[in-house]
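**Student:** A predicted structure for the sequence below; I have some questions about it.
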Amino acid sequence: MDTTGQSLYQKFVQEIGEYGTVTQVNYPIAVAQGLPTARPHEVVYFENGALGEVFNIHPDTVEILLFSKDPVATGTNVARSGKLLSMPVGYELLGKVINPLCQTLIPDPTFTVPTKERPVDTEPLTVDARSRLKDSLKTGVAVVDMLIPLGRGQRELVIGDRKSGKTAFLQATMKNQVESGALAIYAAVGKKKGDIRQIQDYFIRAGIMDKVTIIATSPSDSPSLIYETPAAAMALAEFFRDEGKDVIVVMDDLSTHAKFYRELSLIAKNFPGRDSYPGDIFYSHAKLMERAGCFTHPKVGSVTITCLPVCETVEGDLAGYIQTNIMGMTDGHIFFDSNVYKEGRRPAVNIPLSVTRVGKQIQTPAERSVNRELMSFLGLYEKTQALSHFGAELTDHVKVVLKNGEKIYKFFTQPQDMVVPPEVQMVTFAMIWNSLVEENMTIEDVRKRLIEAVTANPKIKEFFQGLCNVKTFNDLLDGISKNKEYLQTLCGKTTQSAKS
């Protein structure tokens with residue numbers, strides 16, 4: 001029994017003078033009589049110390065979500081608290097792995113519960129508190145930054161089959177954003193404890209765990225607790241937003257969240273809708289998405305919450321109910337295709353079927369010009385590749401297109417733990433386009449050497465940024481051509497070959 005919960009039960013019975021009795025239990029929902037003034041989302045305490053939340057209100061009864069792993073017995077008394085479900089929030093949670101009730105999941109003697117609290121379920125801020133997206137969000141993944149660009153404050157769905165590379169992409173993005181000054185929150189919805197530990201180990205190896213909070217639940221937890229996971233992550237993000245900090249929130253994943261919400265609704269005997277999901281599933285997810293965005297702040301001007309919800313598909317089917325719902329409420333989606341994965345491309349992003357609705361507005365003129373050129377060329381490459389399968393004799397032009405297309409896809413293939421700075425992405429691509437990558441140099445080696453050069457020498461980084469600070473793609477190519485000897489030397493070209 002929870003002695004703290006028992007004492008709180010006694011306290012609220014005395015303060016409010018209202019209690020009810022459990023008449024029916026269909027775990028994780030308990031039905032109680034005798035709470036005439038209960039409110040939706042209000043916290044209640046059972047006399048055995050268990051915690052619950054008001055879910056549905058009927059004329060004579062109240063349905064309560066149970067957060068404990070074990071059901072309560074019928075006949076148990078329950079008291080109102082007069083408070084909405086809240087979670088403690090504060091900087092103390094950075095570097096911690098907790099559940100939505102702010103209970104640490106991994107033993108940590110340094111863990112302290114913050115004193116401030118914030119409601120888990122809040123209304124999104126209105127339009128007058130928001131501002132236009134201004135800053136680009138660099139993921140460090142070339143195929144996304146160059147072709148499907150994102151902005152800070154954007155809501156971008158990450159969708160794809162299991163084991164198609166979604167988590168690796170999200171981890172790289174969070175790493176790059178933390179190194180850029182943002183804070184990160186990872187909401188692991190109903191994940192295995194082993195998977196949660198792997199996620200934590202990645203952040204520790206990357207050296208960013210002190211700027212990350214993992215809010216996690218596992219399948220062994222109560223479905224009620226799993227259902228609250230994304231909302232709790234957003235509540236913590238809103239605290240950091242009010243503190244003037246940019247935040248990136250990953251919700252992994254909302255298809256699992258929808259399944260647990262469906263389970264709760266069916267047990268509560270709510271009328272089912274399509275695929276037996278509750279009728280308000282769209283509202284539930286849309287409300288979560290609307291809590292992200294770019295907001296005005298009295299001290300720092302503007303501050304952002306970037307939300308990357310994840311949704312799982314089955315055999316690449318994008319037309320599922322939950323998948324299309326979330327597509328309709330986000331600013332685009334990145335599709336991780338298992339067929340592309342089987343072809344050996346990493347990350348396995350299906351470029352034609354991926355969309356970004358606001359990211360291109362934030363790109364620099366040079367980045368927009370490169371984006372247009374790349375998308376046009378890749379469309380030509382796909383058509384040319386399809387025609388080449390007929391076995392017709394290939395012209396020299398077709399051979400050049402196929403060869404350049406293969407080089408570009410090799411350029412977009414990168415290890416999952418590699419983060420490529422934006423200036424290195426632009427310069428490497430321009431060198432490939434200008435045929436400055438020699439036969440004895442692989443694209444992987446060129447990219448690796450340029451990253452090392454930019455990381456080790458701030459002057460080289462400034463030089464690269466100067467090359468990219470142009471208006472058009474042709475201007476970038478001209479700058480690359482004028483400095484080709486220097487760039488090839490950075491890539492490992494020998495002094496003798498450079499002189500020749």
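**Tutor:** Now that the structure is in, tell me what you want to look at. Residues are numbered from 1 along each chain as shown.
**Student:** in a strand, Leu65, correct?
**Tutor:** Yes - checked against DSSP: H, G, I helix; E, B strand; the rest coil, Leu65 lies within a strand.
**Student:** pLDDT score for it?
**Tutor:** Turning to Leu65, the model gives it a pLDDT of 96.
**Student:** hang on, it packs against Leu51?
**Tutor:** No - contact criterion CB atoms under 8 Å: Leu65 and Leu51 do not qualify, at 9.5 Å. C-beta here means a position set from N, CA and C on the backbone, and glycine is covered the same way.
**Student:** tell me how the protein divides into domains.
**Tutor:** 3-83, 88-362, 367-499 (automatic domain parsing).
**Student:** and the helices in the stretch 401-500 of the chain?
**Tutor:** With helices called from DSSP state H, counting those that start in this stretch, the stretch 401-500 of the chain shows them at 422-433, 443-456, 458-468, 473-482, 484-490, 495-499.
**Student:** re earlier: mean pLDDT lowest where, among the domains of the chain?
**Tutor:** Comparing mean pLDDT over those, the weakest stretch is domain 367-499, at a mean of 86.
**Student:** just give me how far that domain sits from the chain centre.
**Tutor:** Centroid displacement of domain 367-499 relative to its chain, using CA atoms, centre = their mean, to the nearest Å, is 29 Å.
**Student:** circling back: closest to Ile199 out of the helices of the stretch 401-500 of the chain?
**Tutor:** Closest to Ile199 of these is helix 443-456 (CB to CB; 24.7 Å).
**Student:** give me the angle between that closest one and helix 422-433.
**Tutor:** On the basis of axes from the mean of the first three to the mean of the last three CA atoms, to 10 degrees, helix 443-456 is oriented at 150 degrees to helix 422-433.
**Student:** sorry, back to before: dump the helices of the stretch 401-500 of the chain to a markdown table, plus distance to Tyr283.
**Tutor:** Shown next, in a markdown table, are the helices of the stretch 401-500 of the chain (distance: least, CB to CB, whole Å):
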| stretch | distance to Tyr283 |
| --- | --- |
| helix 422-433 | 37 |
| helix 443-456 | 45 |
| helix 458-468 | 43 |
| helix 473-482 | 44 |
| helix 484-490 | 53 |
| helix 495-499 | 63 |
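**Student:** out of those, which one sits most buried?
**Tutor:** For the helices of the stretch 401-500 of the chain, the largest average neighbour count (mean count of other CB atoms under 10 Å) is found in helix 422-433, namely a mean of 23.
**Student:** and that helix, what other elements does it pack with?
**Tutor:** helix 142-147, helix 365-388, helix 396-412, helix 443-456, helix 458-468, helix 473-482, helix 484-490 (3 or more CB pairs under 8 Å, 6 or more residues apart in numbering; DSSP states H and E).
**Student:** can you put these in CSV and add distance to Val437?
**Tutor:** CSV is the format used below for the helices and strands packed on helix 422-433 (distance: least, CB to CB, whole Å):
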stretch, distance to Val437
helix 142-147, 15
helix 365-388, 16
helix 396-412, 7
helix 443-456, 6
helix 458-468, 16
helix 473-482, 11
helix 484-490, 9
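**Student:** rewinding a little: winner for burial among the domains of the chain?
**Tutor:** Neighbour counts (mean count of other CB under 10 Å) averaged over each of the domains of the chain peak at domain 88-362, with a mean of 19.
**Student:** distance between the ends of that domain?
**Tutor:** End-to-end distance for domain 88-362, by CA to CA, to the nearest Å: 35 Å.
**Student:** one more: stretch 431-441?
**Tutor:** Taking CA to CA, stretch 431-441 runs 12 Å from one end to the other.
**Student:** got it, and stretch 24-39?
**Tutor:** Start-to-end span of stretch 24-39 (CA to CA) is 20 Å.
**Student:** ok, residues contacting the host helix or strand of Arg205?
**Tutor:** Following DSSP states H and E, the helix or strand that holds Arg205 is helix 193-206. With contact meaning CB atoms under 8 Å, 6 or more residues apart in numbering, helix 193-206 is reached by 97, 105-106, 167, 171, 174-175, 186, 188, 191, 209, 212, 214, 216, 218.
**Student:** in strands, which of these fall?
**Tutor:** Using DSSP state E, the subset of those located in strands is 97, 186, 188, 212, 214, 216.
**Student:** determine the three-state secondary structure at Ser81.
**Tutor:** Taking three-state DSSP as the rule, one finds Ser81 in the strand state.
**Student:** isn't it right up against Val44?
**Tutor:** Yes - the pair Ser81 / Val44 is scored as a contact, 6.3 Å apart, by CB under 8 Å.
**Student:** for the closest residue in space to Lys287 that isn't next to it in sequence, which three-state class applies?
**Tutor:** Counting by CB to CB, 6 or more residues apart in numbering, Pro124 is the residue found nearest to Lys287 once chain neighbours are left out, at 6.6 Å. Here Pro124 is recorded as coil under three-state DSSP.
**Student:** ok, back up a step: ok, so of the ones in strands among the contacts of helix 193-206, who is nearest Val355?
**Tutor:** Closest approach between the ones in strands among the contacts of helix 193-206 and Val355, by CB to CB: Tyr186, at 24.0 Å.
**Student:** in contact with that closest one, which residues?
**Tutor:** Residues counted as contacts of Tyr186 (CB under 8 Å, 6+ apart) are 174, 199, 212-216, 233, 250, 252.
**Student:** out of these, what pair is the most spread apart?
**Tutor:** Met174 and Ala216 (14.6 Å).
**Student:** who's in contact with the residue nearest to Lys287?
**Tutor:** With contacts defined as CB under 8 Å, 6+ apart, Pro124 is in contact with 287, 290-291, 293.
**Student:** biggest separation within those residues, which pair?
**Tutor:** Across those (CB to CB), the longest gap, 12.8 Å, separates Lys287 and Gly293.
**Student:** so Gly151 touches Gly359, yeah?
**Tutor:** Yes - with contact defined as CB under 8 Å, Gly151 reaches Gly359; the gap is 5.1 Å.
**Student:** mutual contacts of those two, please.
**Tutor:** Shared contacts of Gly151 and Gly359 (CB under 8 Å, 6+ apart): 136-137.
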